[in-house]
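could you work out the structure for the sequence below:
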Amino acid sequence: MYDQDVDAETALFVISVAADLAGMHPQTLRQYDRLGLVSPSRAPGRGRRYSARDIAQLREVQRLSQEDGVNLAGIKRILDLENQVLALGHRVEELEAEIAHVRQQARRIFAAGVAGDIVATSVGRRPEAQRSTARSTALVVWKPDRVR
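This next block holds a predicted model:
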């Protein structure tokens with residue numbers, strides 16, 4: 001029936017349906033959009049289209065306002081900080097993956113013979129190909145600086 005997968009980010013709901021799902025008046029959703037609290041997608045005719053994530057955020061705005069007594073400026077700041085924390089968390093994950101990759105690369109040791117061939121080897125060992133060569137063959141071993 002549908003060509004695309006539907007997820008929490010897919011903008012499906014017109015403003016009246018979103019307002020019903022969030023338990024608010026449509027005019028409240030328009031006000032929240034103007035204030036930047038919840039920014040729905042726009043349809044080609046410029047009509048607002050809300051996703052499931054937008055509905056959840058509308059409910060969170062309502063909860064902060066009614067239950068915790070936070071004003072709209074405070075809610076905007078809270079939402080901005082939460083988004084910043086999420087973005088920083090993703091960046092930390094990226095950096096951890098990069099560090100793990102660099103550490104993995106730092107464990108590799110390479111050996112090069114006079115013939116110019118390069119092979120990976122383990123610490124304290126000559127590569128198998130190098131063992132059978134003549135005594136005059138030079139062996140150079142290097143390792144990148146350790147990542148701390």
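
all contacts plus neighbour counts: C-alpha atoms, from now on.
Fine.

just checking, what packs against the helix ranked longest in the chain?
Counting by DSSP state H, the longest helix found in the chain is helix 72-106. Secondary-structure packing of helix 72-106 (3 or more Cα pairs under 8 Å, 6 or more residues apart in numbering; DSSP states H and E): helix 52-66.

rewinding a little: list the buried residues of the longest helix of the chain.
For helix 72-106, the neighbour count (16 or more other Cα atoms under 10 Å) marks 72, 75-76, 78-79, 103 as buried.

what lines up beside the very next helix or strand once past it in the sheet?
Proceeding C-terminally, helix 72-106 gives way to strand 109-112 as the next helix or strand, assigned by DSSP states H and E. Looking at strand 109-112 with DSSP bridges, its partner strands are strand 118-121 (antiparallel), strand 140-142 (antiparallel).

looks to me like S16 is in a helix.
Yes - counting by DSSP: H, G, I helix; E, B strand; the rest coil, S16 is found in a helix.

any idea what S41 is bridged to?
R49.

still on that earlier bit, could I get the buried residues of helix 72-106 in CSV, plus columns for distance to L21?
Shown next, in CSV, are those (distance: Cα to Cα, whole Å):
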residue, distance to L21
L72, 20
I75, 20
K76, 21
I78, 23
L79, 20
R103, 49
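
the longest helix of the chain versus helix 52-66: what angle between them?
Between helix 72-106 and helix 52-66, the angle comes out at 130 degrees (axes from the mean of the first three to the mean of the last three Cα atoms, to 10 degrees).

how about the nearest residue to A120, chain neighbours excluded?
F110 (4.4 Å; Cα to Cα, 6 or more residues apart in numbering).

and that neighbour, how many neighbours?
18 (other Cα atoms under 10 Å).

how about Q62?
Neighbour tally, Q62, other Cα under 10 Å: 19.
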